[in-house]
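S.K.: Sequence first, predicted model second:
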Amino acid sequence: MRILARLCMTADGYVTTPDGWPPQIIDPTHGPGSHGVAEFLRTCEAALMGRTTFEPALAADRWPWPDLRVFVLGSRRPEGTPEHVTVDDDPVRLLERIRAADRGGDVHLIGGPRTIETYRALGVLDRLELVILPYLVGSGMRLTDSFDPATDLEFESSRPLPGGSVEIVYRVPSKH
Ligand SMILES: NC(=O)c1ccc[n+]([C@@H]2O[C@H](COP(=O)([O-])OP(=O)(O)OC[C@H]3O[C@@H](n4cnc5c(N)ncnc54)[C@H](OP(=O)(O)O)[C@@H]3O)[C@@H](O)[C@H]2O)c1
């Protein structure tokens, strides 16, 4: 089981729009499986995210993770959360619950930056994947507002994606 953080970032380095939405929503090519997500998800069996990132999914037209087990780090269970979603306020205990359900596939760590930093600090973040979007937004949340800027990144691969985005994959060497 690998833990793979993957998030979209604007060309000027923001992981949200100025009003706090994931920036890929401004891209007309955005949709299920877009921005290389379909290929990425082939090895994934679980999605992990913070409560802030999870909550908007409850109001979405379609459930965003039909084929994945879903794990949420948060101190409360948002109203309307489906029964099959695991919510825990302790990052280590949540990790144990993910491991207990592990069937050998990868975990998509969706975000946001606070939750990615939480698992980086625990030494269990294997990859950081960035999808750089061809848009500028001028302001918003930066990855390093929460994620440790001293983190070492080792380049692994890059590829162009339809619509002018570029995927960059970094290994995150374990400090332990
Ligand atoms: N660009 C992208 O691809 C992308 C992807 C995902 C998210 N986003 C954006 O990221 C933003 C949210 O990021 P965020 O970093 O503020 O929030 P987040 O990581 O999604 O969620 C933060 C919440 O997770 C829980 N949490 C995180 N670390 C914890 C720890 N060490 N111990 C206990 N609980 C912990 C807490 O929940 P409680 O408050 O319940 O205790 C905390 O308030 C959103 O605006 C979203 O749109 C962007």
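M.R.: Arrived safely, thanks for sending.

S.K.: List, one by one, the residues from the chain near the ligand.
M.R.: 7-8, 15-16, 20-23, 49-53, 73-76, 89, 91, 110-115, 118, 141, 146 (CB under 6 Å from any ligand atom). C-beta coordinates here come from the backbone N, C-alpha and C atoms, glycine included.

S.K.: Got a quick PyMOL command for the buried subset of those?
M.R.: In PyMOL syntax, the buried subset of those is picked out as below (16 or more other CB atoms under 10 Å):
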select buried, resi 7+8+15+16+22+23+49+50+51+52+53+73+74+91+110+111+112+113+114+115+118+141+146
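
S.K.: For the closest residue to Ile3 other than its chain neighbours, give me its contacts.
M.R.: Closest residue to Ile3 apart from its sequence neighbours, by CB to CB, 6 or more residues apart in numbering: Val107 at 4.8 Å. Applying CB atoms under 8 Å, 6 or more residues apart in numbering, one finds that Val107 lies in contact with Met1, Arg2, Ile3, Leu4, Cys44, Glu45, Ala46, Ala47, Leu48, Phe71, Ile98.

S.K.: hang on, the fifth one packs against Gly104?
M.R.: No. Counting by CB atoms under 8 Å, no contact exists between Cys44 and Gly104, whose distance comes to 11.2 Å.

S.K.: more crowded one of these two?
M.R.: Cys44 (20 against 7; other CB atoms under 10 Å).

S.K.: Now do the more buried one against Val70, distance only.
M.R.: 11 Å (CB to CB, to the nearest Å).

S.K.: now swap in Thr17 and tell me
M.R.: Counting by CB to CB, the gap from Thr17 to Val70 is 24 Å.

S.K.: tell me the contacts of Pro78?
M.R.: Counted by CB under 8 Å, 6+ apart, Pro78 has contacts Arg51, Phe54, Glu55, Leu58, Val87.

S.K.: quick one: least confident helix or strand in this protein?
M.R.: Every helix and strand in the chain was compared by mean pLDDT, DSSP states H and E; the lowest is helix 37-40, with a mean of 95.

S.K.: Which residues does that one contact?
M.R.: Leu4, Arg6, Pro32, His108, Glu129.

S.K.: Buried among these? Need that as a selection in PyMOL.
M.R.: Of the contacts of helix 37-40, the buried ones go into a single PyMOL selection, burial set by 16+ other CB under 10 Å:
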select buried, resi 4+6+108+129
